[in-house]
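> make a model of this:
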Amino acid sequence: MQLIKKWVAGVLTMMLLLSVAIVGCNDENKKEEANNEQNQMQQFKPLSTESKKVMAEYKGGKVIEGDLNRYINIIAFLDPQLAYMLASAEGNTELRVELAKEYASRQYMLTQIKNDSSYVKQADQTLKELDASIKGNAAQAQAQGQDTPKSLEEAIKGKGFTSDELRQFFIEYHRVNRYYDDQLKGKTYDYVKVQHILVAINDGSQQDQPKRTADDAKKRAEEVKKKLNAGEDFSKLVKEYTDDPGSKETNGIYEGTPDQFVPEFAKACRELPLNQVSAPIKTDYGYHIVKVLDRGQKPVEKANEQVKMQKRQEVYEQVVKEKLEFKSLLSVPQKG
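Coordinates of the predicted model:
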């Protein structure tokens, strides 16, 4: 049951950074199982919220184990994919330290944003929409002979938090969102609009891609380049040649910041003259034919969600480095 990932995405920017710690105990191949969200939820067992143990200290506060566990429980409820990844949180000290750091940063940000009734109203609206989403899912499931929770209250039973605690989470979510927005107000980012065709290299392990050697991919990319040089339409060739499912339906176009791409592709985004078709560019994915349509500085507030998440990540890292004074009281096993 997919719930409201869009609402937690902003405030949980740093959950994406936990992949380094998570991968240490969750094999990368298990990501394919993420398509079945119900199974993901079964992987996560709500953590106890009774412990008063101090897990970490930071400027102005402490991370209490029970509070952190409640926070993890709520995240797992709201996003089944994260629930799957967080299934090992209780026994993974390294992961718990990273979670404690993210939680502490959140608490620090709350001290910088004055609370008022507007955040309560926003939280209540979020809960209202969540409840409506659950009821809508229940109606569809019932029509198919399936049994799912029929309300928010029913859905959170046994999940390790109360409805009041969920409401407080969303109040704080909107306040933390405001902190990020304030920090990024007036900021700009390196914008690029790029069109490309990917000719993939595939040894056969990726069933959704044609099997192709590096030499074959390069030859095919050079064929595309020749056709473009001869004046053929880029968008038409995208439909015929590209192996990139992420951009095939948008005529091969991506918009964002060069930093979101792999290094070789990012370099082309930064340096290739506008509207000039590149020679084949090799990356881990294969060979790309690239044309930069536009680049420049744009306001972060008008960026797409991927760029905003990246910029919020930078804000988070600045908080941790310059403001938080985070000190874990847990012993992390040494690697190697």
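
> show me the shaky parts of the stretch 101-250 of the chain.
Nowhere does the stretch 101-250 of the chain drop to pLDDT under 70.

> which residues of it fall in strands?
188-200 (DSSP state E, counting those that start in this stretch).

> tell me what the lengthiest helix in the chain is packed against?
Identified as the longest helix of the chain according to DSSP state H is helix 117-143. With contacts taken as 3 or more C-beta pairs under 8 Å, 6 or more residues apart in numbering; DSSP states H and E, helix 117-143 sits against helix 152-155, helix 163-184. C-beta here means a position set from N, CA and C on the backbone, and glycine is covered the same way.

> need the contact partners of the first one.
Think helix 152-155. Applying C-beta atoms under 8 Å, 6 or more residues apart in numbering, the external contacts of helix 152-155 come out as Met1, Phe77, Leu127, Leu130, Asp131, Ile134, Pro149, Ser163.

> of those, closest to Val320?
Phe77 (25.8 Å; C-beta to C-beta).

> so after whichever strand or helix holds that closest one, what's the next helix or strand?
Counting by DSSP states H and E, the element that carries Phe77 is helix 65-78. Proceeding N to C from helix 65-78, the next assigned helix or strand is helix 80-85, under DSSP H and E.

> which secondary structure elements does that following helix sit against?
If you count contacts as 3+ C-beta pairs under 8 Å, 6+ apart, helix 80-85 packs onto helix 37-43, helix 65-78.

> of all these, which one comes closest to Glu301?
For Glu301, the closest of the helices and strands packed on helix 80-85 is helix 65-78, at 24.6 Å, according to C-beta to C-beta.

> so for that closest one, what's the average pLDDT?
The average pLDDT within helix 65-78 is 93.

> which strands and helices sit next to it?
helix 5-8, strand 54-58, helix 80-85, helix 93-111, helix 163-184.

> so can I have CSV of the contacts of helix 152-155 showing neighbour count and distance to Asp216?
Shown next, in CSV, are the contacts of helix 152-155 (neighbours: other C-beta atoms under 10 Å; distance: C-beta to C-beta, whole Å):
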residue, neighbour count, distance to Asp216
Met1, 15, 43
Phe77, 24, 47
Leu127, 17, 54
Leu130, 19, 50
Asp131, 15, 54
Ile134, 22, 50
Pro149, 16, 51
Ser163, 13, 58
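
> just send the residues you listed back as TSV, with distance to Lys114 too.
Formatted as TSV, those follow (distance: C-beta to C-beta, whole Å):
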residue	distance to Lys114
Met1	35
Phe77	28
Leu127	22
Leu130	26
Asp131	28
Ile134	32
Pro149	35
Ser163	25
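
> help me confirm that Glu90 comes into contact with Leu47.
Yes - using C-beta atoms under 8 Å, Glu90 is in contact with Leu47, at 5.7 Å.

> tell me which of the two has more neighbours.
Between Glu90 and Leu47, counted using other C-beta atoms under 10 Å, the more crowded position is Leu47 (21 against 15).

> who are the neighbours in contact with that one?
Asn69, Arg70, Ile72, Asn73, Ala89, Glu90, Gly160.

> list the buried residues for stretch 135-146?
Within stretch 135-146, the residues that count as buried by 16 or more other C-beta atoms under 10 Å are Lys135, Asn137, Ala138.

> now the helices and strands packed on helix 65-78 in TSV, please, with extra columns for distance to Gln297.
Output for these, formatted as TSV (distance: least, C-beta to C-beta, whole Å):
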stretch	distance to Gln297
helix 5-8	27
strand 54-58	34
helix 80-85	33
helix 93-111	26
helix 163-184	14
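
> mind checking these for the one nearest to Gln142?
Nearest to Gln142 among the helices and strands packed on helix 65-78 is helix 80-85 (20.3 Å), distances taken as C-beta to C-beta.

> gap between the closest one and the chain center?
12 Å (C-alpha atoms, centre = their mean, to the nearest Å).

> then stretch 188-196?
Put simply, stretch 188-196 sits 20 Å off its chain's centre (C-alpha atoms, centre = their mean).

> got the buried residues for that stretch?
Across stretch 188-196, burial judged by 16+ other C-beta under 10 Å covers Tyr189, Asp190, Tyr191, Val192, Lys193, Val194, Gln195, His196.

> just stretch 157-164 next, same as before
Applying 16+ other C-beta under 10 Å to stretch 157-164 flags Lys159, Gly160, Phe161 as buried.

> out of the contacts of Leu47, which are buried?
Buried residues within the contacts of Leu47, counting neighbours by 16+ other C-beta under 10 Å: Asn69, Arg70, Ile72, Asn73, Ala89, Gly160.
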